[in-house]
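# coords please:
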Amino acid sequence: MNCLRCSVFANCTEVVSTCLIRSSIILWIAYYLRGKEFRESTQSADPKAAEKILKARLREVGADVIGARSFTTPKASRLTIHDLLEALKADFQLRGKDSRQNLSHLKRADDDFGSCLAVGLTSEKIDAYKKQRLANADRPASINRPLQLIRQA
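Purely as a prediction, here's the structure:
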């Protein structure tokens, strides 16, 4: 795959080692942060749209470099609460902490929050969840256990 700007991706030196890469008809962008390369599809064949996406990513990387805002990788932005809870469940099984009670709380947390993106879970959503559970006459401890597991994950 070749960079559209400098013709050879391996030797790309433009704008902090960023590239537009053509793979079939879809353009991809590549950029570096802390020595690690990130590549992602632009979902577009239009070079101007790809440039716009690349510039947006570079602003995010720049904000992370100066410490203004933490950079969220493309993979992390797709991570769901379900994925995190599955990893926690595997950890519990590895350490022998997979009691019926813990697994029951994990299941409740997965049922309630499993489809949420991890980066999209906000304190407002958690507060609304607490209010809804309290309105259903659930005890505070029953509400806190699944939330504690989500924090742990």
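
# can you pull out the strands in this protein?
In the chain, the strands defined using DSSP state E lie at 19-23, 26-33, 36-41.

# Relative to Gln93, which of those strands is closest?
Closest of those to Gln93 is strand 36-41, at 30.3 Å (criterion: C-beta to C-beta). Bear in mind the C-beta positions are built from the backbone N, C-alpha and C, glycine included.

# and the closest one, which residues are buried?
By neighbour count on 16 or more other C-beta atoms under 10 Å, the buried set for strand 36-41 is Phe38, Glu40.

# Run the chain-centre distance for that strand.
Centroid separation for strand 36-41 versus its chain: 14 Å, with C-alpha atoms, centre = their mean, to the nearest Å.

# quick check: mean pLDDT across it?
The average of the pLDDT scores along strand 36-41 is 85.

# In the protein, where's the longest helix?
helix 47-66 (DSSP state H).

# which helices and strands does that one pack with?
In terms of contacts (3 or more C-beta pairs under 8 Å, 6 or more residues apart in numbering; DSSP states H and E), helix 47-66 is packed against strand 19-23, strand 26-33.

# Worst mean pLDDT among those?
Among these, strand 19-23 carries the lowest mean pLDDT (a mean of 63).

# dump the residue contacts of the closest residue to Ala76 other than its chain neighbours.
Using C-beta to C-beta, 6 or more residues apart in numbering and skipping the chain neighbours, the partner closest in space to Ala76 is Val119 (6.6 Å). For Val119, the contacting residues are Thr72, Ala76, Ser77, Leu79, by C-beta atoms under 8 Å, 6 or more residues apart in numbering.

# picking up where we left off before, dump the strands of the chain to TSV, plus distance to Leu103.
Below are the strands of the chain laid out as TSV (distance: least, C-beta to C-beta, whole Å):
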stretch	distance to Leu103
strand 19-23	43
strand 26-33	37
strand 36-41	35
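
# Quick one: closest of the ones you listed to Asp138.
strand 36-41 (41.0 Å).

# Any figure for the gap between the residue nearest to Ala76 and Ser104?
Note on Val119: its distance to Ser104, by C-beta to C-beta, to the nearest Å, is 27 Å.

# do Asn136 as well
Distance from Asn136 to Ser104, counting by C-beta to C-beta: 17 Å.

# So these two - more neighbours on which side?
The neighbour count for Asn136 versus Ser104, taken as other C-beta atoms under 10 Å, is higher for Ser104 (12 against 9).

# That concludes my questions; thank you for your assistance.
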